Each structure stands twice: as structure tokens, then as C-alpha cells.
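Need coordinates for the below:
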Amino acid sequence: MERIVFLEANTIRAEFRRPSFAHEWIGYSESALDQVAERVHEATIVISNKLSLGEPQLAAAARVKLIAIAATGSDCIDLDYCRARGIAVCNVRGYAVNAVPEHVMMMVLALRRNLLRFREDVRRGLWNESKQFCLLTHELNDIRNSTMGIIGYGAIGRSMARLGEALGMRVVVSERKGAADIRAGRASFAETLRASDVLTLHCPLTSETKDLIGHREFQMMKRSALLINTARGALIDDTALIQALQSGLISGAGLDVLRDEPPANGNLLLDLQLPNLIVTPHVAWASNEAVQTLADQVIDNIEGFVAGQPQNLLT
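Below is the predicted model of the structure:
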């Protein structure tokens, strides 16, 4: 009988149907890193989200044969170790193809229309004191006919492109940074930075993409540009972003991710209190509809693996 251990049940607010095969299901609301080794010791299948899983946690878990990630990103899993151990790893894909692009566009519209500044003006009573029927204290910009640059063109990146085009934006898809050849339908990384009114990141965090956007990249962008990151916080050099916002190198930024999450020890970006910076707590993916799709796919992945028809494998 399979023994399934779900290490972080509280991170996914959805109904997980139980697999159709005979099994024992053990769920933990949360797991501290130092609790993982004991909890997976007798497991055959582990469901995880953001916990680190590698040799320190899995060395004594001789029965584990599958790690089902309840997310798309796999940077928390030591894939090389799992591959060497013969542990299969699968993730979920495409579940947030509507949720994340909608969140991106929410931040783009809020920044282009100066929503936070206008809200603060109304709160301070400036509209009450206006001599006109409206209060035109800040710029308002349309997104139609502006250019959206997309870095990372998987399922979410493609969905982002469709949404941008539906709203009348010109979409530019970036080639990988430093690529010698430019694929058909893409622009060079540098050209994408220079052309974008909105630059949105949808790529995974790897050794090649860490600090992808730094001082040099901000210098290449339009001063009127917006940077949106709903992927991974470490894609952006935080110090460079702060300087870019404070000096006016770019117009604004929307972040749903930070380098360390949760930011228990604080984060300089959270201290800025700038009206051209929106930070949300890693929730772009978490619409009710997207999360239920994720939960269903986790179980589909597990059932497929046990039936000898694995899907969405990373190892």
C-alpha cells in the first residue's frame, strides 16, 4: 500500500480528492524543515510545495519513489540528488494560466492609471477641495498601443501574450539573455528591454536567470517603463530595483514575489512606501479556480505514476 505524506497542506486552499488506489494519506498543516526527515521516513509518495527536499531530508527515506510538487517551480528540490536516488519528481503545469496574467494586468493598470496616488489623494480630502468636478493631480496612461515585453514564454507567458494582445498591446517575446541566435518570432534580450513599456517576467529561477535584471538592464529600459515580476524574487537585483525606482530610471514596478519568503527578517523593498511600487504576498497564482486545478493535477500526477503512466516528470 502506498503511503502518501502531504507536508504543507495549509499552503493549498483546495479540496484534494483521494487517489483511486489503495493508500494511506497523512497530511500535515505545516512542516518545519527539521521535521521533514522524520515525517517522510516511511513515505512512498511525498507531496510538497515550497519545502527544501534533498539529501538531508531524504537520505533515510528509503521507500520514497515520487515527490509530487504542488507547484510549477522546482527550485526547492535537489533534482540531481533525486535523479541519482531514482526518485521521480513531477510538478503541476498550466494551472495558473489565467490567474497570473490577470494579476499582472491588474498591477499594470493600477500603475499606468496611478491608482495608488489617486486613492491617497481622495483619502487626504484633496477631491473635496477641488474647484473642478474631477481631480487631475497625476498622469493617466492607456495601455492600448503600448509594448509588452515577455521574458519566459511557457504556458503563462503565452497566456500573458494573448491577454496583452486582446487589450491592444504590442507583444515582444524575449530571447534568452546572452543567446547567440535569435529564434523566429523573438527579439533579443537587449532589444526587448529597450522596446518595452511593460516588462513582465515569467521565467524559472536558475543559475542563469538569478539577478537577471540588474543595474545594467535598468539603464537600458525606458524611463516610462514598468517592471512586473510574478515569477521568482531573485530574478531581480533588489538594490538595483530600489535605485531605479528612486532615481526614476523606470516608472514603476509590481512585485508578487520577493527573494526570501515570507520576509520574516524584513525586506528593503517593503520599507520604500512608494506610490509607484506595488507588492503583493505571492498570491498571483492563488485564485480559487487556479488552486483547485492545481490540486486536481497533483492527484492526477500521482495516479498516473502509480498506474505506470507518469506525467509532468522532472526526473
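
mind listing the helices for the stretch 1-150 of the chain?
Assigned by DSSP state H, counting those that start in this stretch, the stretch 1-150 of the chain shows helices spanning 36-39, 55-58, 79-85, 99-112, 115-123.

Which stretch among these is buried most, on average?
Mean neighbour count, computed with mean count of other Cβ atoms under 10 Å, is highest for helix 99-112 among the helices of the stretch 1-150 of the chain, reaching a mean of 21. In this view, the C-beta of every residue, glycine as well, is placed from N, C-alpha and C.

orientation of it relative to helix 115-123 in degrees?
Computed by axes from the mean of the first three to the mean of the last three Cα atoms, to 10 degrees, the angle separating helix 99-112 from helix 115-123 equals 50 degrees.

just checking, what packs against helix 99-112?
In terms of contacts (3 or more Cβ pairs under 8 Å, 6 or more residues apart in numbering; DSSP states H and E), helix 99-112 is packed against helix 155-166, strand 198-201, strand 226-229, strand 252-255, strand 277-279.

rewinding a little: want to throw the helices of the stretch 1-150 of the chain into CSV with distance to residue 69 and mean pLDDT?
Output for these, formatted as CSV (distance: least, Cβ to Cβ, whole Å; pLDDT from 0 to 100):
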stretch, distance to residue 69, mean pLDDT
helix 36-39, 14, 97
helix 55-58, 14, 96
helix 79-85, 11, 97
helix 99-112, 17, 98
helix 115-123, 35, 96
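
Which one of those lies nearest to residue 272?
helix 115-123 (12.3 Å; Cβ to Cβ).

and the closest one, how far out from the chain's middle?
28 Å (Cα atoms, centre = their mean, to the nearest Å).

Not counting its own residues, what contacts that helix?
Residues outside helix 115-123 that contact it (Cβ atoms under 8 Å, 6 or more residues apart in numbering) are 109, 110, 127, 135, 137, 138, 275, 276, 278.

Mind exporting the C-alpha coordinates of that helix to CSV?
Written as CSV, here are the backbone C-alpha positions of helix 115-123 (Å, rounded to 0.1, in the frame of the first residue of the first chain):
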residue,chain,number,x,y,z
LEU,A,115,-4.4,54.2,-8.8
LEU,A,116,-2.5,54.3,-5.5
ARG,A,117,-1.7,58.0,-5.8
PHE,A,118,-5.3,58.9,-6.6
ARG,A,119,-6.6,56.8,-3.7
GLU,A,120,-4.2,58.6,-1.4
ASP,A,121,-5.4,62.0,-2.7
VAL,A,122,-9.0,61.1,-2.1
ARG,A,123,-8.2,59.8,1.4
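
re earlier: got a markdown table for the helices of the stretch 1-150 of the chain, with distance to residue 199 too?
Output for the helices of the stretch 1-150 of the chain, formatted as a markdown table (distance: least, Cβ to Cβ, whole Å):
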| stretch | distance to residue 199 |
| --- | --- |
| helix 36-39 | 37 |
| helix 55-58 | 36 |
| helix 79-85 | 29 |
| helix 99-112 | 10 |
| helix 115-123 | 19 |
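
The ones you listed: which one's closest to residue 305?
That would be helix 79-85 among those, by Cβ to Cβ, at 13.5 Å.

just checking, what packs against the closest one?
helix 55-58, strand 88-90.

Can you give the domain ranges for the chain?
2-95+289-306, 99-279 (automatic domain parsing).

Any idea how far the shortest one is from the middle of the chain?
Taking the mean C-alpha point of domain 2-95+289-306 and that of its whole chain, the gap between them comes to 19 Å (Cα atoms, centre = their mean).

show me the contacts for residue 244.
218, 250.

Check the gap between it and residue 237 for me.
9 Å (Cβ to Cβ, to the nearest Å).

Check residue 118 too.
Counting by Cβ to Cβ, the gap from residue 118 to residue 237 is 30 Å.

What of residue 208?
In terms of Cβ to Cβ, residue 208 sits 15 Å off from residue 237.

And the two? Which one has more around it.
The residue with more neighbours, out of residue 208 and residue 237, is residue 237; 20 against 11, by other Cβ atoms under 10 Å.

quick revisit: okay, the helices and strands packed on helix 99-112 in CSV with mean pLDDT, mean neighbour count and distance to residue 173 next?
Converted to CSV, the helices and strands packed on helix 99-112 look like this (pLDDT from 0 to 100; neighbours: other Cβ atoms under 10 Å; distance: least, Cβ to Cβ, whole Å):
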stretch, mean pLDDT, mean neighbour count, distance to residue 173
helix 155-166, 97, 19, 7
strand 198-201, 98, 27, 11
strand 226-229, 98, 26, 15
strand 252-255, 98, 25, 20
strand 277-279, 98, 19, 24
